[in-house]
Structures are given as C-alpha cells and as structure tokens.
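> Sequence first, then the predicted structure:
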Amino acid sequence: MNETILVLNAGSSSVKFGLYQAKHSNLSKLYQGKIEIRGTASRFEVRNDLGETLWQQSADIACHENAIELLLRWLQTQAGNRQPSAVGHRIVHGGSQFSQPIIIDEPILEQLFQLVPLAPLHQPDSLAGIRTLQQLRPAMRQIACFDTAFHHTMPDVEQIYALPRHLTDNGIKRYGFHGLSYEYIAQILPDHMGKQAENRIVVAHLGNGASLCALKGRKSLATTMGFTPLEGLPMGTRCGNLDPAVLLYLMREQQMNHDHLTELLHRRAGLLGVSGISADMRTLLASDHPLAKQAVDLFVWQICRHIGAMAATLEGIDGLVFTAGIGEHAAAIRTQICTRLKWLGIELNASANQANAARISADDSRVSVLVLPTDEEIIIARHTLQCITA
Ligand SMILES: Nc1ncnc2c1ncn2[C@@H]1O[C@H](COP(=O)(O)OP(=O)(O)O)[C@@H](O)[C@H]1O
Ligand SMILES: CC(=O)OP(=O)(O)O
Ligand SMILES: [Mg+2]
C-alpha cells in the first residue's frame, strides 16, 4: 500500500493544504502550506516536512477555486512523481447526517450541497473544490471530513435551542464547528499536560472564524458555534451572537431580504464591521485608529465572557489552550484575555507569552495556559487514509 494523500482545508480566509505519503498505516508529511486569499495581496507558501519554507510567492487570488488551481499547478511542476491518489477535504457542515469521514460519491455530494445555506462562507468553496477535482482528476478518490463530527458527544441540552420541538426534530439545533482542530488539540493534550489533559479544559480556536470548546475527558461538552459558524464570538467578518430581534427589525424597518442579511452578518460584520478598517487582526493591532481598538476590545470582551460560560459548564477550569491564527501568534490578544481572567486562577508568564511558547502560564498559575499550533490537515490525512484502506 503506497498512497499519496492531498489534504485541502478551505477556511474562510485561506486554503491550507498538506501532502502526505502513506506506507501501510504510517503517514509522513511531504509538504504543508497555505494560500491566504486576500485578492492582489494573496500569498502562497509551502513548507517541507521540517517546517522550513520551500516556496513563497505573492499572487492575485480572488476565490478558493483559483487557490486550488494554483496549488495543483504547483504540485504538477514541483512534486515530481508524488502526485496525489486521494484527497481529503475539510467539510465544515455535516448536518445531522454525517458524523464520520466518508468517501464522496454523487448522492453524498448532493446532500452536502443542501447544507450550503448553513455555512455560506465555507461549504460552497469546499464543494466547488470537489467538483474542480472531479473534472481535473476524475480517478482521484475524495473523502469528506467534517468540522461538526467532533461535537456529536455534546449532551442534548447543549445541542438544542429553546424552540418548538418540531424545529429541533427538523435539525435546527447546535452542531458546533472547528471540530477537526479540537480533535487535534484533544489528541496532543496529554503530551503537554499529562493526566491533567482529562480535566476541565477550554480551547480557544481564534482564527478568522473563532470559537471555544469545553473539553472534559478530551471530548466536546460545549461549544460557542451553533446551527451555523455564525453563533458565538465575534469573528473577522461575522457578527457572532446577536439578539435575533435585530434581524426582525432589519427585515421590517429596512426591508432587508435574505441575501442582504447573509451578506451583512457573514461578510460585513465582526472585526471588519466594527472597525470599518479590516477583518485581519494584524492590521487592527498595528492601527492606532480608535475604531480598530474598539473592535479588538469587543473581541477580547466577548471571548472572556464566553470562557466564563464554558468554565461554568465545566464546573471549573484547569487548562486554557490558545490555537489558530490569532491564538497562536497574537501575544497581545492573549495578554488581554488572560489579564481579564485572573479571577479564574490564570497567571501569565509574560516572556513565555511573548515568545509564543507552548506553556505561557506562570509556574504558580492554578490554570495551565498553553499555545498549541493546530493541525487540522494531519487529522484529515489520518481519516482519509482510514477511509481508503477500510
Ligand atoms: N502574527 C499574527 N498576529 C496577529 N494575528 C495574526 C497573526 N498571524 C495571523 N493572524 C490572524 O489570524 C487570522 C487567520 O487565522 P487562521 O486560523 O489562519 O484563519 P482561517 O483558517 O479561518 O482562514 C487572521 O485574522 C490573521 O490576522
Ligand atoms: C468554521 C470556521 O469558521 O472555520 P474557519 O475559522 O476556518 O473560517
Ligand atoms: Mg481555519
């Protein structure tokens, strides 16, 4: 058995990818990289198995399909005979139907298309990627790995909204997302915390999309995202929690229809909407504009509130883990969060935090605070390998 597996992780602001060589059940990484989709300021980066930068270029990329085409061209010219024989996709919404990775066929793809309205920033791009590959590489097996799957362990009270029963029965309930990232963190947590990993842990996945997950026994007990990746924290361009009556008001008083509201809540709100400057945390932190500061303040304020709620759900907190673009790199944001959460028993080690070290809590901190780079791609590669060898 010798397979080369390509992993595609379509995020809301990027396509991350990995190429892995599978020999029997062993996976070794060949390349990992990222295409940041920022129009004319887009960047394409590839690292080798040691994490060293192998390739960097700026690019003009308008959408995820452009990004995948660029990646396939790069693989064709640079990856020699290591061309992928299977591809694993991160699929953000699996609805009630999918709780396990699955080989994609036409009926499954049709079911996934029906979930597009439930993840408008992600699902269309991942599914377009699947269609592109079906056309360009028809022989390649394609596997779907779901962001929602990890949260199937959440208790019913966490999954339901206070809505009439028939709506819950129709699938209008809380699914949770970033599950492939939480699955990775849950797997590596014992390496950093030993037996404490089984205790009450809050993971903060803070990227362009942002959510929290309460882990107990390394399983998901609660999360901030719900029916769609719009609920919970404010994000790059998403509003997070909102009084639903705001929508009723906008529909009635400003004649906003479904398309206006989708655009407003998913693409024009969040850090971008509040600052009027950018959805990108790097830009906001570098700006001295008062509205950039207010957007960052709101982000931190809401994260702290929700970490408090997660700790209440867990009946205490023993560990806090930061991950994803902002969580892994923005020391200033971690400082602001941890300073406000001192009352929970969190003490930061300032120099470790500045260095993005794995453990950033002070030795006498009751709560361990960690920074753990996520790796959704390796989780997808493992699931993909299991699926094609099953
Ligand atoms: N060095 C950094 N400092 C602050 N924020 C950063 C840094 N690097 C990346 N980010 C932020 O991380 C976010 C993207 O996170 P990421 O997890 O890659 O997103 P996604 O997977 O949703 O596309 C952006 O808001 C970006 O500004
Ligand atoms: C679910 C989600 O918001 O994903 P991302 O953060 O990659 O956009
Ligand atoms: Mg992401």
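Structure received. Keep in mind it's a predicted model, so treat the numbers as computed, not measured. Ligands and ions are numbered 1, 2, ... in the order given.

> Could you use CA atoms for every contact and neighbour count after this?
Noted.

> Tell me the residues of the stretch 51-200 of the chain that contact ligand 2?
Residues of the stretch 51-200 of the chain lying near ligand 2 by Cα under 6 Å from any ligand atom: Val92, Phe177, His178.

> okay if I get these as CSV plus neighbour count?
As requested, those are exported to CSV (neighbours: other Cα atoms under 10 Å):
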residue, neighbour count
Val92, 32
Phe177, 30
His178, 27
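
> Are the helix ranked longest in the chain and ligand 1 in contact anywhere?
Counting by DSSP state H, the longest helix found in the chain is helix 290-314. No - legend: contact between helix 290-314 and ligand 1 by Cα under 6 Å from any ligand atom is lacking; minimum distance shown is 11.0 Å.

> and the helix or strand that that helix is followed by, anywhere near ligand 1?
Under the assignment DSSP states H and E, the closest C-terminal helix or strand after helix 290-314 is strand 319-323. No - Strand 319-323 lies apart from ligand 1 when judged by Cα under 6 Å from any ligand atom; the minimum separation is 7.9 Å.

> following strand 319-323, which helix or strand comes up?
Downstream of strand 319-323 (by DSSP H and E), the next one is helix 324-329.

> Could I get the average pLDDT for whichever helix or strand comes after that following helix?
Going down the chain from helix 324-329, the next helix or strand is helix 331-340, by DSSP H and E. For helix 331-340, mean pLDDT rounds to 98.

> element containing the spatially closest residue to Met310 that is not a sequence neighbour, please.
Nearest residue to Met310 in three dimensions, chain neighbours excluded: Ala214, at 5.8 Å (Cα to Cα, 6 or more residues apart in numbering). Following DSSP H and E, one finds Ala214 within strand 210-216.

> List the neighbouring strands of that strand plus their orientation.
Partner strands for strand 210-216, per DSSP bridges, with pairing direction: strand 200-206 (antiparallel), strand 219-223 (antiparallel).

> quick one, it and helix 290-314 angle?
Strand 210-216 and helix 290-314 are oriented at 20 degrees to each other (axes from the mean of the first three to the mean of the last three Cα atoms, to 10 degrees).

> Show me what the residue nearest to Met310 is bridged to.
The partner list for Ala214 in beta bridges (DSSP bridges) reads Val202, Ala222.

> Over to Ala144?
The partner residues for Ala144, given DSSP bridges, come to His89, Ile102.

> That one against Gly88, yeah?
Yes - with contact defined as Cα atoms under 8 Å, Ala144 counts as touching Gly88 (6.0 Å).

> More neighbours: which of these two?
Gly88 (31 against 28; other Cα atoms under 10 Å).

> ok so, going back, could you single out the most deeply buried of the strands paired with strand 210-216?
strand 200-206 (a mean of 26; mean count of other Cα atoms under 10 Å).

> Say whether ligand 1 is contacted by that strand.
No - figure legend: strand 200-206 not in contact with ligand 1 (Cα under 6 Å from any ligand atom); closest approach 6.5 Å.

> what does that strand rub up against?
Contacts to strand 200-206, defined as Cα atoms under 8 Å, 6 or more residues apart in numbering, come from residues 178, 181-182, 210-217, 307, 310-311, 314-327.

> again, only this time at 6 Å
Applying Cα atoms under 6 Å, 6 or more residues apart in numbering, the external contacts of strand 200-206 come out as 211-216, 314, 317-324, 326-327.

> Then stretch 292-309?
Applying Cα under 6 Å, 6+ apart, the contact partners of stretch 292-309 are Leu271, Val274, Ser275, Leu284, Ile337.
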